[in-house]
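Enquirer: Below: sequence and its predicted model.
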Amino acid sequence: MRQPYIAGNWKMHKTIAETLSTIMALRKDLDKSGHKVMIAPPFTSLQAAAEALKGSSILLGAQNMAAEEQGAHTGEISVLMLKDAGAGVVILGHSERRSLYKEEDSLINKKVLLALKHALPVILCVGETLTQREQGQVEKVVGEQVEKGLAQVGAENLKMVTIAYEPVWAIGTGKNATPEDADAVHAFIRGLVGKLYSKQAAEDLIIQYGGSVKPDNVKALMSMPNIDGALVGGASLKPETFVPIVEFNK
Ligand code: 13P
């Protein structure tokens, strides 16, 4: 049985004070959640968030990291710094990194390998644009992103990888993929991981859906056989919407 894994990607939102007040509100409801829960505040809030999450089951994530361990990389944040600040997960290859900051699969793969080398679990994001979907290229695009993103990741380390399928056209638009459409892509990803690794690895793989997940659509998405969790943007910013998403089965 795969344990549901709900993650909140706060993107470029919240000061340290706002992070702390949100965490206080979330802990009240989510410390006892039977699901795996993660929040990823901005880098500047990580250390304060780690302090505020002491004794909580809520995991702390970062939203990105550099492809190098250290050195002359002005403006970048390394895996060592993330771990030092208390992050226990890192989101890599988010579509906003791919489209706005031109991150390619080879760079994302370098980051994945570096995070895993330092035993930092990864959420690897993949997803097609609307044009690619309309051109019937979903499997080609997503397949390539998965295969290239996981290049040289050994079977042992795959246990530290979660995949998030986030169709670009569904992010922040209010248009979520139908549960059936999303599940079809999740099934494709699982099948691909089965071919690249093993049937067991595919069965164990947690695949999150992301893109306009809200309290009123999460239950239908989570009822699909291949959807194991959610990577939530906008609705993760407020406890009023994030808590009911995490508690989708209550
Ligand atoms: P929204 O939930 O705001 O659509 O964002 C999804 C996302 O990009 C999470 O990483």
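Expert: Thanks, I have the structure now. Residues are numbered from 1 along each chain as shown.

Enquirer: show me the contacts for Cys125.
Expert: Ile91, Leu92, Gly93, His94, Ser95, Ile163, Ala164, Glu166, Gly210, Leu231 (CB atoms under 8 Å, 6 or more residues apart in numbering). Quick note: C-beta positions are derived from backbone N, CA and C, even for glycine.

Enquirer: Give me the subset of those lying in strands.
Expert: Ile91, Leu92, Ile163, Ala164, Gly210, Leu231 (DSSP state E).

Enquirer: ok, and of these, which contact the ligand?
Expert: Among these, the ones lying near the ligand by CB under 6 Å from any ligand atom are Gly210, Leu231.

Enquirer: what would the ones in strands among the contacts of Cys125 look like in a markdown table with pLDDT?
Expert: A markdown table is the format used below for the ones in strands among the contacts of Cys125 (pLDDT from 0 to 100):
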| residue | pLDDT |
| --- | --- |
| Ile91 | 99 |
| Leu92 | 98 |
| Ile163 | 98 |
| Ala164 | 98 |
| Gly210 | 97 |
| Leu231 | 98 |
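
Enquirer: so which two of the ones in strands among the contacts of Cys125 are the farthest from each other?
Expert: Spanning the widest gap among those are Leu92 and Gly210, at 13.4 Å by CB to CB.

Enquirer: sec struct for Asn109, please.
Expert: helix (DSSP: H, G, I helix; E, B strand; the rest coil).

Enquirer: ok, how many other residues are close to it?
Expert: 22 (other CB atoms under 10 Å).

Enquirer: Would you mind giving me the confidence score for it?
Expert: For Asn109, the pLDDT comes out at 98.

Enquirer: who's in contact with it?
Expert: Counting by CB under 8 Å, 6+ apart, Asn109 has contacts Lys148, Gly149, Leu150, Ala151, Gln152.
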